[in-house]
Every structure is written in structure tokens, then in C-alpha cells.
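A.B. asks: Mind looking at a prediction? Sequence and model below.
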Amino acid sequence: MHELTIEAGKTERQYWKDLWQYRELFYFLAWRDLLVRYKQTIVGVAWSVMRPLLMMFVLTVVFGKFGKLPSGGVPYPILVFCGMLPWQFFSTALTECGNSLVNNGNLISKVYFPRLVVPASSVITSFVDFAISAVFLIPLMIWYRFVPPATIAWLPLFVLMAFAASFGVGLWVAALMVEYRDFRFIVPFVVQFGLYLSPVGFVSSVVPERFRLLYSVNPIVGIIDGFRWCLLGGQHGIYWPSLGLSLAWIIVLLASGIWYFRRTERTFADVI
Amino acid sequence: MSFESKTMNQPVITVEDLGKRYVIGHQRFRGDGIRHIMEAAVRAPFQWLRSCRERKRLQKEEFWALKGVSFEVNQGDVVGIIGRNGAGKSTLLKLLSRITEPTTGRIHMRGRVASLLEVGTGFHSELTGRENIFLNGAILGMGKAEIKAKFDEIVAFSEIEKFLDTPVKRYSSGMYVRLAFSVAAHLDPEILIVDEVLSVGDVAFQKKCLGKMDEARRRSRTVLFVSHNLTAVENFCSRGIVLDQGRMVFNGTCKKAIQQYLQGLRGVQAAAQAEIIDLSTTAGRPARYRSQLKRLRLLDGEDRPLGGNLPAGGSLKGIIHVDLEAPATHVDVELGFYTLSGERICTAHSAYEPSRTYRRLEGQQVFLCEIPSLPLLPGEYKINVGLDINLSEADCVDDAARLTVLQSDYYGTGIIPVKGVFLLNSRWTEAVEGARLVLPSIASDSRHPSP
């Protein structure tokens, strides 16, 4: 028989068990978000390809044509698209994840389930979008007759890093947003600036060597560099200190994000 | 066998010394418009700064929504939880359904729990009925396989087969509620926690819902049921728990619980019959509201204090003093009339006034409500006062005043009307068989000069 004890401050062990029990809810919430996102649109899912595509076009023109920044022998659109992919994933996941709790406020105040399900499934939703737009890389490479190097095998590792980074930061923002709606304004701001601060429209080797480590404080730098190394290889060698720093950062962000989320979670229903 | 009987006798729910504390911040919005707007703009980003600067103005107050509650529920018990608004019923249900954590005490439950605090939690208006059944089911704790197995049953119960693939935003509210309740009704948990959800849908559907609940009872499921509707509690529950201001004041049979509850109300009634009713500190306010409704005065047609009595069909004046927390343009006040068992009979709402104009109001305001003839039959009624700001409820006081409608010769016939709830104006004539029936129009009726 299913037994349950609720006691002030003693829910830890039960929690992870519940998370397993509610595993189908991850799928259902992500499924709902995906279904809803493209309802009443004409081109539907195509939007998840069109957004990065249009962005790629703009950034190629601005940085490649006008800025005449180096591309390391790779067609500039491909270079941009390889940076665009992880960046779009991170930024949409961060935005959606950050808003997820507040947007599902009615659920949180009316029914129990491990709250971690909500931000997690919003990252999953963004991941599906990411996967769809990533497919577009294939025709793009065929068009430019570009053959990716063998390092492409490492790509899943960096995808995982991108996932962990979005989830970690997203958890912080989601939990903080419940009490401080200020983050509703801060997040779009960060996302907008981040696009130019991160090496999306250019390669990070453009940054002077002595600032390179400082630049890598932004965890996305390591991820984007990693994507380019996997997909473009050649001159886009990895700057190892940067990657190490990113990795350490992401682990700290994810661990602390889960910790903070768990700590504040029990009062979500009271403050939301 | 002996093991089984042992577990049977163990309580299904054990609650020990349960308490929930909330910290509520009091803030005052005063001053002129521009200052208020600037303050609001600055308020959010510098919340921490404000709390330093205004520590004196911002008092934090502890509030126990529930304190020291202990009880046991056995398998097959159907327990009604009753109490006035703000008594802690919702908090108790939230703790039992694990939406929020208790501050003190512990709860032990044996069996699968499902709680239904709202009908249609998690419904998404863009999704179709079919999609929402799956989504809602998953949110309520059903697995995909389980939902699939019960899908046809759910659809049949809700009677919306034809609209299964229509987005629920195009549903009528009745269809929406039917679908939502059907999903919930097929949860089939061992312990079911229900909050006032039977009061939805049309009469036929309500009957169906009650039937479903009855079925749960027959299958010796344990049900905890919160309602303001004492008739439903009496019909449905075997046991009753009465809460008052966060404490459990009674735990026993359902009949006695209702008696106890009504007796408790009578104590309030004595205070409510005073000429000026203080609304700022009353217990009838839900915990989520801060007092903006301050005072209520009830007068009769000749502007004399009412003293709690009014002849049937007599005229009634209500004077409501309001102190608005923040300036607002759309301020409405209502008086709601309830039977003692908690059913709303009619409402006098300032928004129903055709000549009403809205302007920006702030601070203290007085609203005057005139009811030329209160069409209620003799009996006791509760009056509840509500305040709506910008079309949503901002404050309300349940059971603010009691009104005894006295017997009177309303129709001027010497017969005292007693049947029903309402006084109805009607016109009767006798017709000779075969002759054409000619009825005088009621509009030209001059028997009752309008007061």
C-alpha cells in the first residue's frame, strides 16, 4: 500500500521518488508546450527553422560583409549558424524556463507534483526546437559543399553542456521569478545583450589573447567554441582554459540551481 | 486475514498538531497620484532597499492560518469540513494535498491521494478536448496507459463526444466544466480531497457528479469534502469537522458538526445586529484579503437603524464605508443575500446601476445602496459585503450581517406568504370554461404602489 508522511521540512527522500513517479508529466508538459506554440500559425513548426535562419542572414551581413571579420576559411553563414544553434537553444530555454513557473502558477497553487518538472519540461521543449533547427545544417553544408570533420562525434557532449547550462541558469531564474517578477524584465535584456557578447556572429579568436580567459567567464563561449570545433574543425581549435572554465561554471550553476530551487520550492504555492 | 483486519482498522489519514503560518506584509498606499505611480515604479527593483528604508511602515505580521489541528480519518469515512471564510479550510486541504508544506506537525496518509481543489486545473484553452483529457489526467497523477484505458468512459460521462477535437476555448462553460469533472471523476483514488467543486454545472450534471461521489463512498473510498453548502454536506458526509479561525472546534458526526457550526454563527449574529457593523476586524474575511471594507450600516425605509429585522417586502438601505488601499477608477460594492445554508439568493451590485459612472477614487469612500423592496420571504438570511476593484474581487466579508425577514401582509390580502424563498407578483383571474381568457396586464397593476 502506498504510504506517505508529510512533515515540516522533511520531504527530501520522498521528492526524488515522486519525481520518478511523475516522469510522464515531463513528457506531457513538453508536449503541451510544443502543441500550443504553433497552434493557429500558418507555417507551424517551420518557425523554429526560420528564426535562426533569418538571424543567420542578418548576422552574416553585419559581421561578415560589413564588419569583414575573419571566418577561418569557412563560409560565413555556416560559421554563424553553428554559433546560432547553441545560442538560440540557450536563450529560448532560459526565457521559457524562467517564465515557466509563473506561467503555470495556476497548476502550482492547485495541485501537487514535484515542481522541478515544470522548468525541466520547458527546457525539453526548447531542445526539440533546437533539434529541428539543427537539421537545417545539413542542406546548408551541402549547399556550400562543406564536409564536417571527424570531431563531429564530440557534438553530443557540447549539446549536453548547453542543456545543463540552460537548465542551471533557468532554474535560478524560475525560482527567483516566483518572488521577484523583476526577472521578467531582466531576462530579455540579458538575452538581447548576450547575443552580441557571445561569439555568435563572429569567432571568439577575434578577442585579444589576454582577454580570452576573461571572455570565457560567459559559459556560452565555451559551448559555442565547442560546437564550432566539432562541426567546422580545422582552424577552430579549442581554447582549453576557456572550455574548462565553462565546464566548471556550468556544473556550479546546475548544482546551485537545483539546490536553490529545492530550497524555495516549498513556498512557491504561497508566494506565486 | 488478521493482518488485513489490522490494516483495515488503522486510520487512513492521521493528522497531528498540524499548523501553517504565513507572514503577511502590511503596506499602505497613501499620497497623491504621481507619487504613488513613482513609488510603484521604484518599488519593485529596489525591494530590498525599500524594506530597509520603510521598515517602520512595513510591518510584518505572523498569521496562523491553521494551528494545532489533529484528527484521524478511517477508511470509508466521508468527512465534511465546514467553517466560515478564513477558518482555514482551504489551507487544510492544501496541506493534505501537499501543495504547500506545513509549518508544524505531521500528516500520515495510507493510499493513493487525489485532490480536486479546482475543476479543470491545467486545462489549456488552445488544446482540444482530447488533448486536455490526457494533459489534465497526467497532472492529476494518472499514467498515460491509465488514461487511455479510461478514455472512452471519460468521454461518455462528459457527453461531449462531438466536440472532442475542438479547442476547449470554443466550448461553452458548461461543456468545459463537464469535461473537467469527468477527468477528475475517473481518478479513482483511495483518498479523495474535494474543494467545493460540486457547485458547478447544470442541475442534471450536478446529480451525475453526486452519483459518482456516492459510488466512491459505496466502494468505501475515503473522501474529504469542503463546502459552504450545508445541505450537500448533510446529505453526503458521515462525519464533520468544524474549523474556526484556524483551529478545530469540533470533530464528530456530521449532524452535530452542522449544529455546532450554526451555533457558532449565532454568536457572530449578536454582534452583527449592532447598528454599525465593523467590517475591518471581522472573522468572515478570507485570509488573502486585507481590510478595505470598513463599516456597514443597515437602515430601513425611514432611515431608522434596522436592528436585524425587516418586514417582508420592506425597503432596505445599506451604507458601506470603504477605505481604498490604492487609488482606482473602477470601484464597485455589492451586498449579497444568502440563506443560512450558504446559497446565494440575490445580489445588489453597484455595477447593476444603469446610471452609474466611474471616476478615480481614493482613500475613504461611502457607498449607498437602496433596495426599494426586498423580495424575500420570512426567514433568516446572511448578508455578505464585497468590494470589486477593476472588475476583480478585492475584499469581501462573509456573513457581515444577519437579517431576519418578518412575516408581513405583503400582498394586502391578509394571508401571510410563506412558501418558497421569493415574493412574486402575479395576477390571477377565473375564466369561464370555453370563454377566451383575458388577463389584465401586470404592468398596469396598481395594487402595489411601488415604494
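C.D. replies: Happy to help now that I have it.
A.B. asks: Grab the CA positions of stretch B:323-336 and hand them over as CSV.
C.D. replies: The C-alpha trace of stretch B:323-336 is given here as CSV (Å, rounded to 0.1, in the frame of the first residue of the first chain):
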residue,chain,number,x,y,z
ASP,B,323,-11.0,52.8,2.7
LEU,B,324,-9.2,52.1,-0.6
GLU,B,325,-5.7,50.9,-0.3
ALA,B,326,-4.7,52.4,-3.7
PRO,B,327,-6.5,54.9,-6.0
ALA,B,328,-8.6,53.1,-8.5
THR,B,329,-11.1,54.1,-11.2
HIS,B,330,-13.4,51.1,-11.3
VAL,B,331,-14.7,50.5,-7.8
ASP,B,332,-17.8,48.5,-7.1
VAL,B,333,-19.6,47.4,-4.0
GLU,B,334,-22.0,44.6,-3.6
LEU,B,335,-24.4,43.2,-1.0
GLY,B,336,-25.1,39.5,-1.4
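A.B. asks: List the buried residues of that stretch.
C.D. replies: For stretch B:323-336, the neighbour count (16 or more other Cβ atoms under 10 Å in any protein chain shown) marks B:Leu324, B:Glu325, B:Pro327, B:Val331, B:Asp332, B:Val333, B:Glu334, B:Leu335, B:Gly336 as buried. Bear in mind the C-beta positions are built from the backbone N, C-alpha and C, glycine included.
A.B. asks: And for the strand or helix carrying A:Arg212, what's in contact with it?
C.D. replies: A:Arg212 belongs to helix A:212-215 when elements are defined using DSSP states H and E. Defining contact as Cβ atoms under 8 Å, 6 or more residues apart in numbering or on different chains, one finds that helix A:212-215 is touched by A:Ser204, A:Val207, A:Val221, A:Tyr239, A:Pro241, A:Ser242, A:Leu245.
A.B. asks: Could I get the full set of helices for the stretch 51-200 of chain A?
C.D. replies: A:76-103, A:105-110, A:117-135, A:137-143, A:155-179, A:183-197 (DSSP state H, counting those that start in this stretch).
A.B. asks: Then chain B?
C.D. replies: Along chain B, counting by DSSP state H, helices occupy B:2-9, B:33-43, B:47-53, B:89-96, B:129-139, B:144-158, B:173-185, B:203-218, B:230-236, B:254-272.
A.B. asks: Return the alpha-carbon coordinates of the next helix or strand after the helix holding A:Arg212 using PDB.
C.D. replies: Proceeding C-terminally, helix A:212-215 gives way to helix A:219-232 as the next helix or strand, assigned by DSSP H and E. In PDB, the C-alpha atoms belonging to helix A:219-232 read as follows (Å, rounded to 0.1, in the frame of the first residue of the first chain):
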ATOM      1  CA  PRO A 219      29.700  29.900 -20.100                       C
ATOM      2  CA  ILE A 220      28.200  30.100 -23.500                       C
ATOM      3  CA  VAL A 221      31.600  31.000 -25.000                       C
ATOM      4  CA  GLY A 222      32.900  27.500 -24.300                       C
ATOM      5  CA  ILE A 223      29.800  25.900 -25.700                       C
ATOM      6  CA  ILE A 224      29.800  27.800 -28.900                       C
ATOM      7  CA  ASP A 225      33.500  27.300 -29.400                       C
ATOM      8  CA  GLY A 226      32.900  23.600 -28.800                       C
ATOM      9  CA  PHE A 227      30.100  23.500 -31.400                       C
ATOM     10  CA  ARG A 228      32.400  25.100 -34.000                       C
ATOM     11  CA  TRP A 229      35.300  22.800 -33.100                       C
ATOM     12  CA  CYS A 230      33.000  19.800 -33.600                       C
ATOM     13  CA  LEU A 231      31.300  21.000 -36.800                       C
ATOM     14  CA  LEU A 232      33.900  23.000 -38.500                       C
END
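A.B. asks: And helix A:219-232, what does it pack against?
C.D. replies: Applying 3 or more Cβ pairs under 8 Å, 6 or more residues apart in numbering or on different chains; DSSP states H and E, one finds that helix A:219-232 contacts helix A:76-103, helix A:155-179, helix A:240-265.
A.B. asks: most packed of the ones you listed?
C.D. replies: Most buried of those by mean neighbour count (mean count of other Cβ atoms under 10 Å in any protein chain shown) is helix A:76-103; its value is a mean of 24.
A.B. asks: before we move on, back to that, closest one to B:Arg170 out of the contacts of helix A:212-215, please.
C.D. replies: Proximity of the contacts of helix A:212-215 to B:Arg170 (Cβ to Cβ) peaks at A:Val221, which lies at 47.7 Å.
A.B. asks: Skipping its backbone neighbours, what lies nearest B:Arg21 in space?
C.D. replies: In this structure, B:Arg21 finds its nearest non-sequential neighbour in B:Thr103, 4.4 Å apart by Cβ to Cβ, 6 or more residues apart in numbering or on different chains.
A.B. asks: re the thing from before, would you mind saying which of the helices of chain B lies nearest B:Glu62?
C.D. replies: Closest of the helices of chain B to B:Glu62 is helix B:89-96, at 14.4 Å (criterion: Cβ to Cβ).
A.B. asks: could you check whether that closest one is close to chain A?
C.D. replies: Yes - Helix B:89-96 lies within reach of chain A by Cβ under 8 Å from any Cβ of the partner chain, at B:Lys94, B:Leu95.
A.B. asks: residue contacts, B:Ser291?
C.D. replies: B:Leu279, B:Ser280, B:Thr281, B:Arg285, B:Asp323, B:Asp395.
A.B. asks: for the residue lying closest to the first one once chain neighbours are set aside, what are its contacts?
C.D. replies: In other words, B:Leu279. In this structure, B:Leu279 finds its nearest non-sequential neighbour in B:Leu293, 4.5 Å apart by Cβ to Cβ, 6+ apart. By Cβ under 8 Å, 6+ apart, B:Leu293 lies in contact with B:Leu279, B:Ser280, B:Ile320, B:His321, B:Val322, B:Val333, B:Val385, B:Gly386, B:Leu387, B:Asp395, B:Cys396, B:Val397.
A.B. asks: How about the residues of the stretch 51-200 of chain A by chain B?
C.D. replies: Counting by Cβ under 8 Å from any Cβ, the stretch 51-200 of chain A sits next to chain B at A:Asn106, A:Leu107, A:Ile108, A:Ser109, A:Lys110, A:Val111, A:Tyr112, A:Phe113, A:Tyr180, A:Arg181, A:Asp182.
A.B. asks: Could you check how far the most centrally placed residue in chain A is from chain B?
C.D. replies: Here the mean C-alpha position of chain A is nearest to the C-alpha of A:Phe90 (Cα atoms, centre = their mean), at a distance of 2.4 Å. Remark: distance between A:Phe90 and chain B (Cβ to the nearest Cβ, to the nearest Å) = 25 Å.
A.B. asks: what's the pLDDT at the nearest residue to that residue once chain neighbours are set aside?
C.D. replies: Leaving aside its sequence neighbours, A:Phe90 sits nearest to A:Ser166 (Cβ to Cβ, 6+ apart; 5.0 Å). We have a pLDDT of 94 for A:Ser166.
A.B. asks: what does A:Gln88 give?
C.D. replies: Confidence score, pLDDT, at A:Gln88: 92.
A.B. asks: give the contact list for it.
C.D. replies: A:Gln88 makes contacts with A:Arg51, A:Pro52, A:Met55, A:Asp129, A:Phe130, A:Ser133, as judged by Cβ under 8 Å, 6+ apart.
A.B. asks: could you redo the last one with a cut-off of 10 Å?
C.D. replies: A:48, A:51-52, A:55-56, A:81, A:126, A:129-130, A:133-134, A:195, A:200 (Cβ atoms under 10 Å, 6 or more residues apart in numbering or on different chains).
A.B. asks: Show me which of those are buried.
C.D. replies: Buried among those by 16+ other Cβ under 10 Å: A:Ser48, A:Pro52, A:Met55, A:Met56, A:Phe81, A:Ser126, A:Asp129, A:Phe130, A:Ser133, A:Ala134, A:Leu195, A:Val200.
A.B. asks: So which of those is the closest to B:Leu368?
C.D. replies: Of all the buried ones among the contacts of A:Gln88, A:Ser126 has the smallest distance to B:Leu368: 55.9 Å, by Cβ to Cβ.
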